[in-house]
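[1] Have a look at this prediction, sequence included:
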Amino acid sequence: MIRRYEENPILLPVRENSWEAYATFNPSVILRDGRYYMLYRAISSSDLLKKQGSSFSSIGIAVSRDGVHFTGRRCLVCPEMEWERFGCEDPRVTYMEGKYYIFYTAISTLPLKPEGIRVGVAVSRDLEKIDGKYLVTPFNAKAMALFPKRIGGKLTAILTVHTDKPPAQICIAQLGDDPSVWYTEMDEWYRQYMDWALRPDPRRSPRDHIEVGAPPIEVEESWLLIYSYIQNYFSDSERVFGVEALLLDKDDPRRVIAKTQYPFMVPEEVYEVYGHVPRVIFPSSAIKRGGWIRLYYGAADTVCCLATARLSHLRRILKGGLKSVFKRYAKNPIIAPDKRFGWRSVATFNPAAIELEGSIYILFRALSQDKTSTIGMAVTDNGFTVKEVLDEPVYVPREPFEMKATPGHSGCEDPRVVRMGGRLYMFYTAYDNVNPPKVAVTSISVEDFLSRNWKWSRPKIISPPGVDDKDACILPEPVNGKYFYIHRVGGVNIAYDYVESPEAVDPSTLVSRVLL
């Protein structure tokens with residue numbers, strides 16, 4: 001789907017220019033009046049005469065007729081203010097109403113500290129000189145860019161908050177027309193910044209990290225955001241720097257309407273694998289030309305590169321992602337605690353559901369005053385209107401591993417149910433308030449279930465010994481002769497195993513391969 005330019009890298013450091021002798025990467029390219037202007041992060045050779053005794057970053061600019069061969073390199077944005085004294089990094093440029101807005105990462109502290117890594121903006125009318133520079137965020141943030149059109153009549157930006165105080169959030173901010181007061185506006189905005197975060201969160205795992213890549217571009221009735229997705233950022237596994245994409249709602253860009261489920265670019269080429277920071281690619285600019293996307297990116301924190309992709313191909317893999325955002329039912333909750341029944345007087349939550357003979361049966365976790373969990377059942381014909389909630393639980397703790405050993409939470413928690421042939425298999429968390437929670441499995445015939453004869457089989461523990469293990473289910477059809485068993489191990493990883501059958505799981509043989 002993605003084609004790297006065969007003559008990559010398209011911009012390399014120049015040793016003769018001290019300000020860009022060490023690295024030139026993370027380009028932001030804009031097309032105006034038939035010319036491509038590339039703004040890029042430049043790192044100087046080490047200057048031992050400076051107090052910090054190190055190199056520094058500034059923002060260079062170069063020009064091209066074809067978007068590939070750039071000339072006329074010069075420094076455009078250099079560290080001058082106290083709030084950027086140790087570097088100006090990773091520009092993102094947008095042309096809006098006669099002005100170029102160049103957002104960049106401003107470094108004010110060495111050694112690096114989150115509070116010294118913020119966003120600044122430089123404003124220019126012609127990209128020949130800078131007319132003004134302003135600190136934008138009073139908080140830790142990076143990767144800010146302006147949308148190329150007003151949204152709801154306002155200048156609108158996208159940025160990554162808390163890049164160095166994770167978890168980071170990609171957020172939307174709306175700004176007034178005067179950049180000299182954006183700092184004050186963003187200070188006020190920060191008090192409710194989570195209200196402006198993308199929803200749903202694009203991350204597939206809490207171990208991953210995300211960051212705004214290219215400034216958004218308009219595609220039909222949405223905004224295309226190409227961004228950096230780093231897998232395993234917060235784990236001991238090898239980090240994978242990938243490039244992914246989102247479609248954002250045209251009028252409310254906080255709303256994610258589609259996303260890729262996997263990276264369409266990862267480090268592969270020599271210039272991506274080897275460099276000052278090996279195995280890193282970072283998408284920093286995208287231009288739409290006809291039916292193509294030109295993606296400019298940094299490789300190994302050393303050079304600037306180019307790749308192309310058909311917009312139709314990109315949209316195709318986006319269609320495989322989230323097509324629409326779930327809408328909460330207006331009449332929620334559909335099942336609620338009822339003080340008339342002690343076993344479900346405190347909470348009713350974490351439901352499983354299965355459709356049988358035209359009705360939907362909802363099995364839910366119920367919590368009593370003494371914090372004992374049991375499984376209750378409700379019935380609905382349409383999935384919204386509950387016509388019956390049973391007065392008694394359909395499943396209660398029976399075995400020592402789920403009976404209350406000391407005062408506190410215990411019992412049968414968080415069911416998941418699947419039909420396999422003529423039986424229903426229910427996986428749930430068994431907990432005695434002393435030992436780590438474990439996955440238990442039980443089953444019942446479909447006939448007995450529908451007749452409400454609660455003849456559940458004796459539950460069996462199917463968790464590895466001594467491990468916190470929860471949230472399990474099994475795919476109802478075999479894969480290569482075995483069943484795909486999914487469970488959460490150690491409170492962090494979603495893991496999987498292949499098993500012979502739900503009844504034949506040997507906990508001591510589980511490998512628990514990490515899925516997410």
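    Sure, I can see it. Residues are numbered from 1 along each chain as shown.

[2] Give me the three-state assignment for A309.
    strand (DSSP: H, G, I helix; E, B strand; the rest coil).

[3] Tell me where the stretch 201-350 of the chain has helices.
    Per DSSP state H, counting those that start in this stretch, the stretch 201-350 of the chain carries helices over the ranges 270-273, 311-319.

[4] mean pLDDT lowest for which of the ones you listed?
    Mean pLDDT across the helices of the stretch 201-350 of the chain is lowest at helix 311-319; the value there is a mean of 86.

[5] Buried ones in it, by neighbour count?
    By neighbour count on 16 or more other C-beta atoms under 10 Å, the buried set for helix 311-319 is L311, L314, R315, I317, L318. (Glycine included, C-beta is placed from N, CA and C.)

[6] cool, stretch 72-91 as well?
    73, 76-79, 83-91.

[7] and it, how far apart are its ends?
    18 Å (C-alpha to C-alpha, to the nearest Å).

[8] Please give the centre-to-centre distance between that stretch and its chain.
    The chain centroid and the centroid of stretch 72-91 are separated by 30 Å under C-alpha atoms, centre = their mean, to the nearest Å.

[9] now E399: how far from A214?
    Distance from E399 to A214, counting by C-beta to C-beta, to the nearest Å: 55 Å.

[10] what does F70 give?
    Taking C-beta to C-beta, one finds F70 at 18 Å from A214.

[11] Wait, H69 touches I10, no?
    Yes - H69 is within contact range of I10, at 7.5 Å (criterion: C-beta atoms under 8 Å).

[12] When the two are compared, which one has more neighbours?
    I10 (20 against 13; other C-beta atoms under 10 Å).

[13] Could you report the distance from that one to Y496?
    From I10 over to Y496 the distance is 42 Å, taken as C-beta to C-beta.

[14] coming back round to it: okay, F70 and A214: which has more neighbours?
    A214 (27 against 22).

[15] Quick one: residues in contact with the helix or strand hosting V379.
    Using DSSP states H and E, V379 falls within strand 372-380. For strand 372-380, contacts defined as C-beta atoms under 8 Å, 6 or more residues apart in numbering pick out 334-335, 343-344, 348, 359-368, 386-390, 393-397, 404, 409-413, 415, 426, 428, 431.

[16] Now a PyMOL select for only the buried ones of those residues.
    What follows is the PyMOL syntax for the buried subset of the contacts of strand 372-380, where burial is set by 16+ other C-beta under 10 Å:
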select buried, resi 334+335+343+344+348+360+361+362+363+364+365+366+367+368+386+389+393+394+395+396+397+404+410+411+412+413+415+426+428+431
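
[17] V479 contacts V499, doesn't it?
    No - with contact defined as C-beta under 8 Å, V479 does not count as touching V499 (10.7 Å).

[18] Between those two, which is the more surrounded one?
    The residue with more neighbours, out of V479 and V499, is V499; 19 against 9, by other C-beta under 10 Å.

[19] Spit out the contact partners of that one.
    Here V499 is in contact with I474, K482, Y483, Y485, V505 (criterion: C-beta under 8 Å, 6+ apart).

[20] Looking at these, which one is closest to S463?
    Among these, V505 lies closest to S463 (C-beta to C-beta), at 9.2 Å.

[21] What count of nearby residues applies to the residue nearest to that closest one when sequence neighbours are not counted?
    Distances taken as C-beta to C-beta, 6 or more residues apart in numbering put I462 closest to V505, at 4.0 Å, once the chain neighbours are dropped. Using other C-beta under 10 Å, I462 has 24 neighbouring residues.

[22] just the strands in the stretch 51-200 of the chain please.
    57-64, 71-77, 88-96, 99-107, 117-124, 132-135, 141-146, 155-161, 169-175 (DSSP state E, counting those that start in this stretch).

[23] In CSV, list those strands along with mean pLDDT and distance to V280.
    Shown next, in CSV, are the strands of the stretch 51-200 of the chain (pLDDT from 0 to 100; distance: least, C-beta to C-beta, whole Å):
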stretch, mean pLDDT, distance to V280
strand 57-64, 98, 16
strand 71-77, 98, 23
strand 88-96, 98, 13
strand 99-107, 98, 16
strand 117-124, 98, 18
strand 132-135, 98, 27
strand 141-146, 98, 15
strand 155-161, 98, 16
strand 169-175, 98, 19
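
[24] Could you pull up the residues touching G291?
    By C-beta under 8 Å, 6+ apart, the neighbours of G291 are R310, L311, S312.

[25] what do you get for D381?
    Counted by C-beta under 8 Å, 6+ apart, D381 has contacts G358, S359, I360, K387.

[26] Repeat that for G120.
    M81, W83, E84, C88, F103, Y104, T105, A106, K133, Y134, L135, V136.

[27] what sits against the fifth one?
    So the one you mean is F103. P91, R92, V93, V119, G120, V121, V136, M144, A145, L146, A157, L159.

[28] Quick one: residues contacting the first one.
    Residues in contact with P91, defined by C-beta under 8 Å, 6+ apart, are N26, S28, L39, Y40, R41, I59, V77, I102, F103, Y104.

[29] Give me the buried entries from these.
    Neighbour-count burial (16+ other C-beta under 10 Å) applied to those gives N26, S28, L39, Y40, R41, I59, V77, I102, F103, Y104.

[30] Is S508 in a helix, a strand, or coil?
    Going by three-state DSSP: S508 is helix.

[31] In this structure it contacts P464, no?
    Yes - contact criterion C-beta under 8 Å: S508 and P464 qualify, at 7.4 Å.

[32] on that earlier part again, would you format the contacts of F103 as CSV with distance to S445 included?
    Listed next are the contacts of F103 as CSV, based on distance: C-beta to C-beta, whole Å:
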residue, distance to S445
P91, 65
R92, 61
V93, 66
V119, 61
G120, 67
V121, 67
V136, 64
M144, 59
A145, 58
L146, 62
A157, 59
L159, 56
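
[33] Which single one of these is nearest to R204?
    Once C-beta to C-beta is applied, the member of the contacts of F103 that ends up nearest R204 is L159, at 21.6 Å.

[34] who does the closest one bridge with?
    Beta-bridge partners of L159, counted by DSSP bridges, are C171.

[35] any idea which of the contacts of P91 is closest to K327?
    F103 (33.5 Å).

[36] how about the nearest residue to the closest one, chain neighbours excluded?
    M144 (4.2 Å).

[37] Which pLDDT value goes with the residue lying closest to L295 once chain neighbours are set aside?
    In this structure, L295 finds its nearest non-sequential neighbour in A307, 4.7 Å apart by C-beta to C-beta, 6+ apart. What the model reports as pLDDT for A307 is 97.

[38] Surely A307 touches M265?
    Yes - if you go by C-beta under 8 Å, A307 and M265 touch, sitting 6.8 Å apart.

[39] who touches both of the two?
    I2, L295, Y297.

[40] Show me what the second one is bridged to.
    Each beta-bridge partner of L295 is listed here: A286, A307, as defined by DSSP bridges.

[41] circling back to that earlier point, ok, the residue nearest to F103 touching V119?
    Yes - with contact defined as C-beta under 8 Å, M144 counts as touching V119 (4.5 Å).

[42] Now list whatever residues contact both of these two.
    With C-beta under 8 Å, 6+ apart as the test, M144 and V119 both reach F103, V136, T137, L159.

[43] which residue sits closest to the most centrally placed residue in the chain, ignoring its sequence neighbours?
    In the chain, the residue lying closest to the centroid (C-alpha atoms, centre = their mean) is R203, at 2.1 Å. Spatial nearest neighbour of R203, excluding adjacent residues (C-beta to C-beta, 6+ apart): I210 at 6.0 Å.

[44] Quick check, that neighbour in contact with L225.
    No - between I210 and L225 there is no contact under C-beta under 8 Å: 10.4 Å.

[45] In a strand, D448, correct?
    No - counting by three-state DSSP, D448 is not found in a strand; it is helix.

[46] pLDDT wise, what is it at?
    98.

[47] Identify the residues contacting it.
    Counting by C-beta under 8 Å, 6+ apart, D448 touches W454, K455.
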